[in-house]
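Undergrad: no sequence on this one, just coordinates:
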């Protein structure tokens, strides 16, 4: 019997962000489930599979073919001609129909879909959302008749391999996210300004540091934004902004950090511009693997996975953030801090690769029961 085949479509591999990491996690999961996996892009891709694997700490033995096309129409014709068993659409804003035996649409953002997209979406066996936050808007905006499931991406195996040690923790707050002005801004400037104000107001003493790290989406506007962050930090010795750091360097940052700040969507009221909120928050999720306590704005996907006061905190205002930060700063190195560290580390068990793989397997099993897969 011929090996079943799967094609994963992502049109933004060169950005090497959370969606691209999730695409490769899917490739690993489908491969582990016995599929012959390939990747696809509807444009010329500026990075190779080898470079992608290096970016996300994936072994070189995984060398999936990457097919490049000039348009989604050309890609659609290829899928129909090759008769793939599984097609995964992992491209935000893409509403091309599924032409494989089984289709999975990975919904990473709560987009408003055009009317014509609704027909295409119903060609997929499952809409897999990265969080309950995204699922809520998918159901409201795309239709409650769809088969919508929640499948959060796993914490990276690279991060899980690093044994967290409480003794390595420093008086350090980490803010991780891609610098990008357009669309999904991670609000690094607000983090820098807030930390500076907290030091000035005595919420934290000057021994505490803020480290802002992330890749830069190259554009004049984004480069200007990075400079704004540097200007806001000024000459402060306790604020560091590091761009385009390696995965190994990021791991070291997590090992040192006691707290992870997630500010995306800060200030937005409930129901207002959900696309600008953090739909999951991989940076905070990865913090679980290191016992780095996530402190996140209360609109977004991570709020569904945080037990406030046990494995992290959610805040809805500057005053709440100040209270939480003061508590964590004053508790640094105490037994209370250690308990938070332990609870946070324990949370990673719900986001392992095996858990992720089993959820993908259930979607495929459902498709098989419907006669989509043999």
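TA: Now that the structure is in, tell me what you want to look at. Computed from a predicted model, the values in this text were never measured in an experiment.

Undergrad: Not counting sequence-adjacent ones, nearest residue to residue 264?
TA: residue 278 (3.8 Å; C-beta to C-beta, 6 or more residues apart in numbering). C-betas here are computed from N, CA, C, even on glycine.

Undergrad: so how far is residue 146 from that neighbour?
TA: To residue 146, residue 278 is 23 Å away according to C-beta to C-beta, to the nearest Å.

Undergrad: Then residue 208?
TA: 46 Å.

Undergrad: Looking at those two, which one has more neighbours?
TA: residue 208 (21 against 17; other C-beta atoms under 10 Å).

Undergrad: so the more buried one touches residue 238, yeah?
TA: Yes. If you go by C-beta atoms under 8 Å, residue 208 and residue 238 touch, sitting 6.5 Å apart.

Undergrad: what do those two both touch?
TA: residue 199 (C-beta atoms under 8 Å, 6 or more residues apart in numbering).

Undergrad: What mean pLDDT does the lengthiest helix in the chain get?
TA: The residue-count maximum for a helix in the chain (DSSP state H) belongs to helix 353-369. Average pLDDT, helix 353-369: 93.

Undergrad: Point out the other helices and strands that that helix packs with.
TA: Judged by 3 or more C-beta pairs under 8 Å, 6 or more residues apart in numbering; DSSP states H and E, helix 353-369 is in contact with helix 18-32, strand 102-107, strand 126-129, strand 148-150.

Undergrad: Repeat the analysis, applying 10 Å as the threshold.
TA: Judged by 3 or more C-beta pairs under 10 Å, 6 or more residues apart in numbering; DSSP states H and E, helix 353-369 is in contact with helix 18-32, strand 86-89, strand 102-107, strand 126-129, strand 148-150.

Undergrad: Now do the contacts for residue 219.
TA: Residue 219 sits next to 179-182, 225 when contact means C-beta atoms under 10 Å, 6 or more residues apart in numbering.

Undergrad: buried subset of the residues you listed?
TA: 179-181, 225 (16 or more other C-beta atoms under 10 Å).

Undergrad: Save the residues you listed as TSV, and put in pLDDT and distance to residue 121 too.
TA: Below are the buried ones among the contacts of residue 219 laid out as TSV (pLDDT from 0 to 100; distance: C-beta to C-beta, whole Å):
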residue	pLDDT	distance to residue 121
179	93	32
180	87	26
181	86	30
225	95	34
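
Undergrad: ok, of those, which one's closest to residue 258?
TA: residue 179 (23.4 Å; C-beta to C-beta).

Undergrad: so who does the nearest residue to the closest one once chain neighbours are set aside touch?
TA: Take residue 179 and drop its neighbours on the chain: the residue closest to it by C-beta to C-beta, 6+ apart is residue 216, 4.6 Å away. Shown in contact with residue 216 (C-beta under 10 Å, 6+ apart): 178-180, 222-223, 225-226, 243-244.

Undergrad: so who does the spatially most central residue of the chain touch?
TA: The centroid of the chain falls nearest to residue 282 when counting by C-alpha atoms, centre = their mean (3.5 Å). By C-beta under 10 Å, 6+ apart, residue 282 lies in contact with 17-19, 21-22, 130, 152-156, 159, 176-177, 262, 301-302, 351.

Undergrad: mind running it again at 6 Å?
TA: residue 18 (C-beta atoms under 6 Å, 6 or more residues apart in numbering).

Undergrad: can you give me phi and psi for it?
TA: The phi/psi pair for residue 282 (degrees, to the nearest 10) reads phi -60, psi -30.

Undergrad: where does it land on pLDDT?
TA: 92.

Undergrad: That one and residue 156: what is the separation?
TA: 8 Å.

Undergrad: hmm, back to that, quick check, nearest of the buried ones among the contacts of residue 219 to residue 101?
TA: Nearest to residue 101 among the buried ones among the contacts of residue 219, with distances taken as C-beta to C-beta, is residue 180, at 36.1 Å.

Undergrad: How many residues are close by the residue nearest to residue 32 when sequence neighbours are not counted?
TA: Spatial nearest neighbour of residue 32, chain neighbours left out: residue 357 (5.8 Å); criterion: C-beta to C-beta, 6+ apart. The criterion is other C-beta under 10 Å. On that basis, residue 357 has 19 neighbouring residues.

Undergrad: Could you do residue 365 as well?
TA: 11.

Undergrad: got it, and residue 45?
TA: Neighbours around residue 45, by other C-beta under 10 Å: 20.

Undergrad: residue ranges of the helices in the stretch 201-350 of the chain, please?
TA: 220-233, 247-256, 282-287, 318-330, 335-346 (DSSP state H, counting those that start in this stretch).
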